[in-house]
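Student: this one's structure only:
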């Protein structure tokens, strides 16, 4: 029986209790990795993910922490060191998304989305870097967004945060080379069961492939980057061609 491609690796996935983070954590485990499931408020969901991963024979732990706060981030990676004594893959997935008319956007809303979407990736990458360097094959995979490439007036704060993720990715790719590769994935609209169908209608009309994506499309990009030793500083756009229109 051939060894799974990520066997022996340890991955941290932030915001892994729900939606994309959950799917990414499960897929990394399916490819052989042991997984740290970070969550802020979704304790029961994170514990469910841990249970599903553990049932496959992989190791998994759930660690609570607000990744926009340095103290929580440092505590989380200290626990990773204690539990696993190594780290190979960091997936900065934790994020926030909501609409706000620019004229009505509050300072609190601006700070909340920049902290959650961008500051958290800086803090986690900085804290994880020593362990990732020690791995010798460290991977940082940041979740950006099509919103970091296109201008959406009702989501100015969100677009700015994700554009920041793209530039952070490029800067870190140079700063952390050659021991660590740093790349980003920019999803378009990804549909989940229970999502309101009208959200996707305009997207489907505009995307050349005529459909939204599924979580498996993002999972596959994460696994690809987790295994790629010669790609760094890149943004993989997974959007059915929507950025072309």
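Tutor: In hand now; what should we look at? Keep in mind the model is a prediction, meaning the values are calculated, not measured.

Student: Specify the beta-bridge partners of the closest residue to residue 54 other than its chain neighbours.
Tutor: If the residues on either side of it in the chain are set aside, residue 54 comes closest to residue 60, at 5.5 Å by CB to CB, 6 or more residues apart in numbering. To be clear about C-beta, it is placed using only N, CA and C from the backbone, and glycine gets the same treatment. Under DSSP bridges, the beta-bridge partners of residue 60 are residue 35.

Student: Please spell out the segments of the chain that come in under the pLDDT threshold.
Tutor: The chain contains residues with pLDDT under 70 at 1.

Student: Just the helices from it, written as ranges.
Tutor: All helices of the chain, identified by DSSP state H, fall at 19-30, 43-54, 70-84, 107-114, 120-135, 156-175, 197-206, 215-227.

Student: How about the contacts made by the residue nearest to residue 54?
Tutor: Neighbouring residues of residue 60 by CB atoms under 8 Å, 6 or more residues apart in numbering: 25, 29, 34-37, 49-50, 53-54.

Student: quick one: which of these is nearest residue 211?
Tutor: residue 25 (24.7 Å; CB to CB).

Student: hang on, that closest one packs against residue 16?
Tutor: Yes - using CB atoms under 8 Å, residue 25 is in contact with residue 16, at 4.3 Å.

Student: joint contacts of the two?
Tutor: The overlap between the contact sets of residue 25 and residue 16 (CB under 8 Å, 6+ apart) consists of 35, 37, 49.

Student: for this structure, what's the longest strand?
Tutor: Longest strand in the chain by number of residues, with DSSP state E as the criterion: strand 180-187.

Student: so what does that one touch, helix or strand wise?
Tutor: Counting contacts by 3 or more CB pairs under 8 Å, 6 or more residues apart in numbering; DSSP states H and E, strand 180-187 packs against helix 120-135, strand 138-143, helix 156-175, helix 215-227, strand 235-238.

Student: which one of these lies closest to residue 207?
Tutor: Comparing the helices and strands packed on strand 180-187 against residue 207 with CB to CB, the closest turns out to be strand 235-238 (11.4 Å).

Student: Given the closest one, what are its sheet partners and their directions?
Tutor: Sheet pairing of strand 235-238 (DSSP bridges) gives strand 180-187 (parallel).

Student: so how far is the strand it pairs with from its chain's centroid?
Tutor: Averaging C-alpha positions (CA atoms, centre = their mean, to the nearest Å) puts strand 180-187 9 Å from its chain's average.

Student: what does that strand contact?
Tutor: For strand 180-187, the external contacting residues (CB under 8 Å, 6+ apart) are 20, 125, 129, 132-133, 138-146, 148-149, 162, 165-166, 169, 172-173, 176, 213, 217-218, 221-222, 225, 228-229, 231-239.

Student: Are any of the residues you listed buried, and if so which?
Tutor: Neighbour counting over the contacts of strand 180-187 (16 or more other CB atoms under 10 Å) leaves 20, 125, 129, 132, 138-146, 148-149, 162, 165-166, 169, 172-173, 176, 213, 217-218, 221-222, 225, 232, 234-239 as the buried ones.

Student: Next up, the contacts around residue 34.
Tutor: Taking CB under 8 Å, 6+ apart, we find residue 34 in contact with 9-11, 58-60, 84.

Student: cutoff 7 Å now
Tutor: Neighbouring residues of residue 34 by CB atoms under 7 Å, 6 or more residues apart in numbering: 10, 58-60, 84.

Student: Please name the nearest non-neighbouring residue to the residue most central in space within the chain.
Tutor: By CA atoms, centre = their mean, the chain has its centre lying nearest to residue 93, at 2.3 Å. In space, and not counting its chain neighbours, residue 93 is closest to residue 21: 4.4 Å by CB to CB, 6+ apart.

Student: residue contacts, the one you found?
Tutor: Applying CB under 7 Å, 6+ apart to residue 21 gives the contacts 13-15, 93.

Student: With that, I have no additional questions.
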